[in-house]
Structure formats: structure tokens, C-alpha cells
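Peer 1: got a sequence here, can you build the structure:
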Amino acid sequence: MSHGHSHTGHPKIINRLKRANGHLANVIASLEAGASCVEVSQQLQAVEGAITSAKKALIHEHLENCLLGSARHDDHVPTDEVLDELKRITKYL
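Peer 2: The predicted model follows:
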């Protein structure tokens, strides 16, 4: 039950990831410039938080639009298939 399409929330998730990518570039530049380990660690924490937030948004959108949508609107999708995909994707939360 794999979906190779985009959702309405993907542009927002892409923007989050682009910002995280920019922050990561700044972390690298800070390391190259000799910034303190505490400062770099703080910046890395912010990057990690941004990526985690984007990941959760992607998973939540998939749950709402793909899994629940399939379960509600497609009588041909077996419940065990939906449950299997739910188990596979939630391990990333």
C-alpha cells in the first residue's frame, strides 16, 4: 500500500527541510570558523528539532490522508494491509 504522490502539506514540509538544510550549512560554517562546541551543539539541536518536526508532520499527514482515507473510501483495501502500513510508518515517530 505504497503511495507515490504528494500531499497538500508537502510544500510546508519541504520548506521546513530547506530551512533545516540552511541551518545545517551554518553549523558546518561555524565549525570551520572555530565556534565553541557548546554553540555548535546548540545549533545541531535546533537542526535535529527541525528535522524531527518535519518527519512527524509527514507521518501525520500520511496517516490522515493515506491510511485513514484508504480505510474510509476504498472497500478494496484490506484492513490488515492498512494496519501493517500503520505499524511500519509509526516506528519512525
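
Peer 1: now the residue sitting nearest the centre point of the chain: which helix or strand?
Peer 2: In the chain, the residue lying closest to the centroid (CA atoms, centre = their mean) is Lys55, at 1.6 Å. Using DSSP states H and E, Lys55 sits within helix 37-62.

Peer 1: how about that helix: buried residues?
Peer 2: 40, 43, 47, 50-51, 54, 58, 61-62 (16 or more other CB atoms under 10 Å). For the C-beta atoms, the positions are set from N, CA and C on the backbone; glycine is no exception.

Peer 1: got JSON lines for those residues, with distance to Ile28 too?
Peer 2: Compiled in JSON lines, the buried residues of helix 37-62 are given as follows (distance: CB to CB, whole Å):
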{"residue": "Val40", "distance to Ile28": "9"}
{"residue": "Gln43", "distance to Ile28": "10"}
{"residue": "Val47", "distance to Ile28": "10"}
{"residue": "Ala50", "distance to Ile28": "15"}
{"residue": "Ile51", "distance to Ile28": "15"}
{"residue": "Ala54", "distance to Ile28": "19"}
{"residue": "Leu58", "distance to Ile28": "25"}
{"residue": "Glu61", "distance to Ile28": "30"}
{"residue": "His62", "distance to Ile28": "31"}
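
Peer 1: now those as CSV including pLDDT and distance to Val27?
Peer 2: Listed next are the buried residues of helix 37-62 as CSV, based on pLDDT from 0 to 100; distance: CB to CB, whole Å:
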residue, pLDDT, distance to Val27
Val40, 97, 6
Gln43, 95, 5
Val47, 96, 6
Ala50, 94, 12
Ile51, 96, 12
Ala54, 95, 17
Leu58, 92, 22
Glu61, 89, 27
His62, 88, 29
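
Peer 1: specify the local secondary structure of the residue lying farthest from the centre of the chain.
Peer 2: Here the chain reaches farthest from its C-alpha mean at Gly34, the gap being 30.8 Å by CA atoms, centre = their mean. Classification of Gly34 by DSSP: H, G, I helix; E, B strand; the rest coil places it in coil.
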